[in-house]
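In: Give me a 3D structure for the following:
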Amino acid sequence: MGGIDTMQLIYLVVLGTMVIGWFILQSRESLNRSLQHAAVWGMIFVGGAAAVGLWQDISRDARHPQMVLTGGDRIVVPKSRDSHYYLTLDINDTPIRFVVDTGATDLVLTQADARRAGVDPDSLKFHGTANTANGEVRTAFVTLDTVTLGAVTDTDVAAVVNAGEMRQSLLGMGYLQRWGRIEITGGELILTR
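Out: As a prediction, this is how the structure comes out:
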């Protein structure tokens with residue numbers, strides 16, 4: 001928690017304590033009624049805070065689309081709320097969502113995403129290995145017929161299918177290096193060919 005967040009929390013706790021204390025002192029004879037009122041105001045406050053938080057999340061997502069095409073060969077990707085960059089590529093004419101991972105060597109598909117793109121993981125031979133944050137995993141090398149991002153289509157793209165459990169497919173350097181320039185600045189990832 002940052003310094004500003006801590007100060008705001010302390011302020012809210014002190015304010016809440018003062019309001020509750022006022023309720024108790026004002027009506028000692030009807031303490032039950034005061035507690036009911038405090039509970040109602042507490043629920044109103046929590047509901048208002050939740051509504052403001054949700055509205056900020058919704059409006060931030062509406063202001064920042066997944067990617068912006070600026071010409072046929074330049075793509076701008078805003079940073080998401082979790083500080084990652086996400087892109088949806090058409091793999092063999094099937095939209096697959098990727099997290100951009102410059103630490104990944106290859107374009108890595110989950111088994112579910114591979115299946116959606118027409119690659120049967122059950123028929124693959126998982127002879128390769130990859131070292132990940134969760135340890136070593138088995139991989140199978142595949143060649144994707146087409147990979148399309150914006151107006152750019154690449155053919156015969158090398159990729160791997162992960163034999164382990166993965167929540168998200170990874171867009172690693174094996175694909176990113178096909179772009180002439182990769183730049184991260186001002187909360188945006190910019191790909192240029």
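
In: Can you name every helix or strand that the strand ranked longest in the chain contacts?
Out: Taking DSSP state E as the criterion, the chain has its longest strand at strand 135-149. If contacts are counted by 3 or more C-beta pairs under 8 Å, 6 or more residues apart in numbering; DSSP states H and E, strand 135-149 sits against strand 86-91, strand 107-109, strand 128-132, strand 152-162. To be clear about C-beta, it is placed using only N, CA and C from the backbone, and glycine gets the same treatment.

In: neighbouring strands for the helix or strand following the first one, and are they parallel or not?
Out: Using DSSP states H and E, the helix or strand that directly follows strand 86-91 along the chain is strand 94-100. The strands beside strand 94-100 in its sheet (DSSP bridges) come out as strand 86-91 (antiparallel), strand 169-171 (parallel).

In: next one: the first one to chain centre, how far?
Out: Relative to its chain's centre, strand 86-91 lies at 14 Å (C-alpha atoms, centre = their mean, to the nearest Å).

In: Okay, domains of this protein per the record?
Out: 3-63, 68-192 (automatic domain parsing).

In: Rounded mean pLDDT for the first one, please.
Out: For domain 3-63, mean pLDDT rounds to 71.

In: residue closest to the middle of the chain?
Out: residue 82 (5.1 Å; C-alpha atoms, centre = their mean).
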